[in-house]
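Asks: Sequence first, then the predicted structure, then my questions.
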Amino acid sequence: MTREQWAWVEGLIRDVSRPEEGNIFARRVFQWDLAVRQFQKVEHERIVVGTPTDVDFEAHARCLQGLLTIGNALVMASREFQPEELARFGIRREEIGAYVEALEQSFREWHHGLSEEYLDKVRQALFSGEA
């Protein structure tokens, strides 16, 4: 192994030996991140480029609500750690917040509660005027 590889392994061992509280928080962030990425794959396939059904929209909304609940809890929990502590795990508080904002935006875009009839009227008004 090269020195860099050994340094990486040593750093990993140091990270693993950190206090359990930080490890638990980091694990939750990484698990949430994985869930978000998997959600986004399905969202893209079924909602963005697919022909979504009512079932798709219902599941999409439930997933977003769950991810947002966890994400907001992680944002609050991240305030218990100093930026340097989070950095040891490659976590930045701002990135968690930005991730939550992106999920909130997706929720607003797809689950706004406005009828298609109303949206069609708005589209007509916006895009049918004289140039």
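Replies: Ah, there it is.
Asks: tell me which element Glu43 falls in.
Replies: Per DSSP states H and E: Glu43 is located in helix 20-43.
Asks: Against which helices or strands is that helix packed?
Replies: helix 54-78, helix 93-110 (3 or more Cβ pairs under 8 Å, 6 or more residues apart in numbering; DSSP states H and E). In this view, the C-beta of every residue, glycine as well, is placed from N, C-alpha and C.
Asks: can you give me the angle that helix makes with helix 54-78?
Replies: Relative orientation of helix 20-43 versus helix 54-78 (axes from the mean of the first three to the mean of the last three Cα atoms, to 10 degrees): 160 degrees.
Asks: average model confidence for helix 20-43?
Replies: The average pLDDT within helix 20-43 is 87.
Asks: Which positions within it qualify as buried?
Replies: Gly22, Phe25, Ala26, Val29, Trp32, Asp33, Val36, Phe39, Glu43 (16 or more other Cβ atoms under 10 Å).
Asks: Now do that helix and helix 93-110, the angle between them.
Replies: 30 degrees.
Asks: what about Glu80, how many residues close to it?
Replies: 10 (other Cβ atoms under 10 Å).
Asks: quick one: contacts for it?
Replies: Counting by Cβ atoms under 8 Å, 6 or more residues apart in numbering, Glu80 makes contact with Phe25.
Asks: Any stretches of the chain with poor pLDDT?
Replies: Along the chain, the model assigns pLDDT under 70 to residues 1-3, 5-22, 113-115, 118-119, 122-123, 129-131.
Asks: In it, which residue is most central in space?
Replies: A centroid search over the chain (Cα atoms, centre = their mean) returns Tyr99, at 4.2 Å, as the residue closest to the centre.
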